[in-house]
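Enquirer: only the shape, not the letters, is given here:
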């Protein structure tokens, strides 16, 4: 019998180009905020799960969970770093959830961090290429914009998706980020500006791509039965599911759908006893604009081929139909890769608590996070709900 | 209520300088062997936990668990990479154990892999330096031989440990590796040869240091209650514990003891309801000869300051008192860092099953593995026993 698990504390560092902060400072910023928010003492924390993708490449630093634990004053507890490319944070959350649901641990901290701006863009691109198949993709010259560009081209071919529709994802996410003080970008943009931005990999332009970012995020989890001891508004984790697929895009069944997403989502809906229609807010993995379109379809929010039009129509803006990427998403809020999956959960918790300020969605009751690694070899889906 | 967990299958790749094998080939070699040994089908496997330390630095490849899962034909299951420096394998095993003990999963695979010989020694040393505090140690010029040399010097100062005693660890481990077909080195050495080998960091010479290696290891875990369906000689995991400490050596309480080891060991003995005296075989983390001496003391096999003499007296050879590092240890068998913690468990399983061939310890009933990350910021201790 699994126990119900709640998020009792959340914390974020500001995302962006954080020239004055290293890995330690970013982790401390988010971690201390989460611990204070949860009203726990450092000595209450029994285990730490830390998500980071490529701190070895970016900073020469591995062994990041022990470092996090040390920086946050959790002396001597078990600490593990989880790496699943850009799904490192979501995967860390799932393991943290499992450790509490099973009764093995009571209070655990899940953290995610990435410090990406101390290397050149070329070095960052190469490091991120390690999320795909190094031998069969990166070594042959295919970087991530190239992989997602192929998906975008095929999606345009099969469903008539347009560059303007892709651009409208970015415009919406910048609008949301404008209302988020933690976001990397506070600049509204237009569809025309996206279309006019520099071509990265046809049809994806610079403003179709999420940025290189520094940032950290943290959560404190506890069994639901004791959650109110710490926090008046615990948020329940209704489901935590994950799936994988081939690492290389060429071996997949489809270029226009991420199978790992649909598998994880179906399992999550079943476990949470909800359907896609019940989700009022979702943080989805918009590493590129096409990725948000595919996520909307693979998560079942829209039929295949219908999502792009829905974004263009404004159906996924704040307080429209389903509010997608209220934080600004990876595009607007920033994408410190190991932190992203954890930050998505932080945003959903704020929304469900009613603490999202200017970007608050009215009556948000059930929220979903969707975190992808690589071009879809890993997908993690969490569903959250109010505890009352 | 936790379930009892058994190891039902084990597999190793040959360790060494594997010029013809990449990450995928090494993982497949160990993984297929473990699956066949367990008599499970690929489709029985519910989750994969993969330990790797620095595949990003060594091979440009992150996201290694999804890759492992793909290579082994486990389509679409959740797969996570665990990184805790040289304790990545042991940490992966602990999470795999937790997932089965809790009832969340039945059959899981735990893998460990590292491909280290495609970079220069200098690059490897720098990558491994990421196991310590990059800012406070590596960046200041302190590599791992330097850190362990400081521990050795202090141990010699406090307890009169001699360079000959350190050398005797290496001699024993090379003797054991000589009997292990998977080992990197098949060459017996003498104390004098160790003393005459090139100085790396005073007092540690080349033959006091474990090598740079390629290799992989894998385990299949199942609930004990169903283990005999797959395997006639399941081996029980009696305890699985882990602890952490400060990442940097300078912040620790002691230079001659690894506190994370003693904390994890005490918890493990308590959970397994055994004492150090009950352990007949142990694979300990001898990344440097001094590390085996400290492990023997921190694990409670010998009083502080007494272990070095015991090794010199031959008390830890095969079938002497307690048989330590029957595989040849990290020094003789090789140290592909992410694989080591898993390989230690493979060796203990073979010993407890009575399948260790020429290096079989008579009546081995309870075995222990001890896996350390960095200079001791992470330690993982497992205790195994025969299931009957």
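Expert: Nice, I can see it. Note that the structure is predicted; figures quoted are calculated from it, not measured.
Enquirer: burial count for residue A:125?
Expert: 15 (other C-beta atoms under 10 Å in any protein chain shown). Backbone N, C-alpha and C define where each C-beta goes, glycine included.
Enquirer: grab the nearest non-local neighbour of it.
Expert: Setting aside the residues directly before and after it, residue A:125 is nearest to residue A:143 in space (C-beta to C-beta, 6 or more residues apart in numbering or on different chains), at 5.3 Å.
Enquirer: which stretches in the stretch 51-200 of chain A count as helices?
Expert: Along the stretch 51-200 of chain A, the stretches classed as helices by DSSP state H, counting those that start in this stretch are A:55-59, A:64-71, A:88-101, A:121-129, A:144-159, A:163-178, A:191-196.
Enquirer: quick check: residue A:316 touching residue A:324?
Expert: Yes - using C-beta atoms under 8 Å, residue A:316 makes contact with residue A:324 at a distance of 4.0 Å.
Enquirer: which one's more surrounded, these two?
Expert: Between residue A:316 and residue A:324, counting by other C-beta under 10 Å, residue A:324 is the more crowded of the two (31 against 26).
Enquirer: got phi/psi on that one?
Expert: phi -110, psi 130 (degrees, to the nearest 10).
Enquirer: roughly how far apart are residue A:285 and residue A:303?
Expert: 20 Å (C-beta to C-beta, to the nearest Å).
Enquirer: and the nearest residue to residue A:136 once chain neighbours are set aside, how close does it get to residue A:139?
Expert: Computed as C-beta to C-beta, 6+ apart, the closest residue to residue A:136 that is not its neighbour in sequence is residue A:248, at 4.9 Å. To residue A:139, residue A:248 is 11 Å away according to C-beta to C-beta.
Enquirer: OK, contacts around the residue of the stretch 151-300 of chain A found nearest chain B?
Expert: Using C-beta to the nearest C-beta, the single residue of the stretch 151-300 of chain A nearest to chain B is residue A:242, 3.8 Å away. For residue A:242, the contact set (C-beta atoms under 8 Å, 6 or more residues apart in numbering or on different chains) comprises A:87, A:90-91, A:94, A:264, A:378-381, B:78, B:80.
Enquirer: put the buried members of those into a PyMOL selection.
Expert: To isolate the buried members of the contacts of residue A:242 in PyMOL, using 16 or more other C-beta atoms under 10 Å in any protein chain shown:
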select buried, (chain A and resi 87+90+91+94+264+378+379+380+381) or (chain B and resi 78+80)
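Enquirer: can you pick out the most distant pair from the contacts of residue A:242?
Expert: With C-beta to C-beta as the measure, no two of the contacts of residue A:242 lie farther apart than A:381 and B:80, at 14.9 Å.
Enquirer: circling back to that earlier point, let me know the secondary structure of the residue of the stretch 151-300 of chain A closest to chain B.
Expert: Following DSSP: H, G, I helix; E, B strand; the rest coil, we place residue A:242 in the strand state.
Enquirer: nearest spatial neighbour of it, skipping sequence neighbours?
Expert: residue B:78 (3.8 Å).
Enquirer: test my guess that residue A:279 contacts residue A:369.
Expert: No - counting by C-beta under 8 Å, residue A:279 sits too far from residue A:369 to count as a contact (10.4 Å).
Enquirer: can you give the distance of stretch A:379-388 from its chain's centre?
Expert: Offset of stretch A:379-388 from its chain centre (C-alpha atoms, centre = their mean, to the nearest Å): 13 Å.
Enquirer: who touches the strand or helix carrying residue A:32?
Expert: For residue A:32, the host element (DSSP states H and E) is helix A:23-38. For helix A:23-38, the surrounding residues in contact (C-beta under 8 Å, 6+ apart) are A:8-14, A:18, A:21, A:42, A:45, A:55, A:59, A:61, A:64, A:67-68, A:71-72, A:109, A:111, A:113, A:115, A:214-220, A:222, A:230-231, A:336, A:339, B:135.
Enquirer: for it, give the mean pLDDT please.
Expert: Helix A:23-38 comes out with an average pLDDT of 97.
Enquirer: go through that helix and flag the buried ones.
Expert: Buried residues in helix A:23-38 (16+ other C-beta under 10 Å): A:23-24, A:26-35, A:37-38.
Enquirer: what's the answer for stretch A:298-313, then?
Expert: Quick answer for stretch A:298-313 (16+ other C-beta under 10 Å): A:298-302, A:307-312.
Enquirer: CSV please, covering those residues and showing secondary structure, distance to chain B and pLDDT.
Expert: Output for these, formatted as CSV (DSSP: H, G, I helix; E, B strand; the rest coil; distance: C-beta to the nearest C-beta, whole Å; pLDDT from 0 to 100):
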residue, secondary structure, distance to chain B, pLDDT
A:298, helix, 13, 98
A:299, coil, 16, 98
A:300, coil, 17, 98
A:301, coil, 21, 98
A:302, coil, 23, 98
A:307, helix, 23, 98
A:308, helix, 26, 98
A:309, helix, 30, 98
A:310, helix, 28, 98
A:311, helix, 28, 98
A:312, helix, 32, 98
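Enquirer: widest-spaced pair of the residues you listed?
Expert: Within these, two members stand farthest from each other by C-beta to C-beta: A:300 and A:312, at 19.7 Å.
Enquirer: low pLDDT regions in chain A?
Expert: In the predicted model of chain A, residues A:1 satisfy pLDDT under 70.
Enquirer: spatially central residue in it, please.
Expert: By C-alpha atoms, centre = their mean, chain A has its centre lying nearest to residue A:341, at 3.2 Å.
Enquirer: if we can go back for a sec, okay, residue A:279 and residue A:369: which has more neighbours?
Expert: Remark: of residue A:279 and residue A:369, residue A:369 carries more neighbours, 29 against 24, as counted by other C-beta under 10 Å.
Enquirer: thinking again about what came up before, correct me if wrong: the residue nearest to the centre of chain A contacts residue A:378.
Expert: No - in this structure, residue A:341 is not within contact of residue A:378 by C-beta under 8 Å, at 10.0 Å.
Enquirer: what touches both of the two?
Expert: When contacts are counted by C-beta under 8 Å, 6+ apart, residue A:341 and residue A:378 have A:87, A:91 as shared neighbours.
Enquirer: quick one: contacts for residue A:291?
Expert: Residue A:291 touches A:148, A:151, A:284-285, A:372, counting by C-beta under 8 Å, 6+ apart.
Enquirer: same deal with residue A:239?
Expert: A:267-272, A:381-383.
Enquirer: do that again at 7 Å, thanks
Expert: A:268, A:271-272, A:382-383 (C-beta atoms under 7 Å, 6 or more residues apart in numbering or on different chains).
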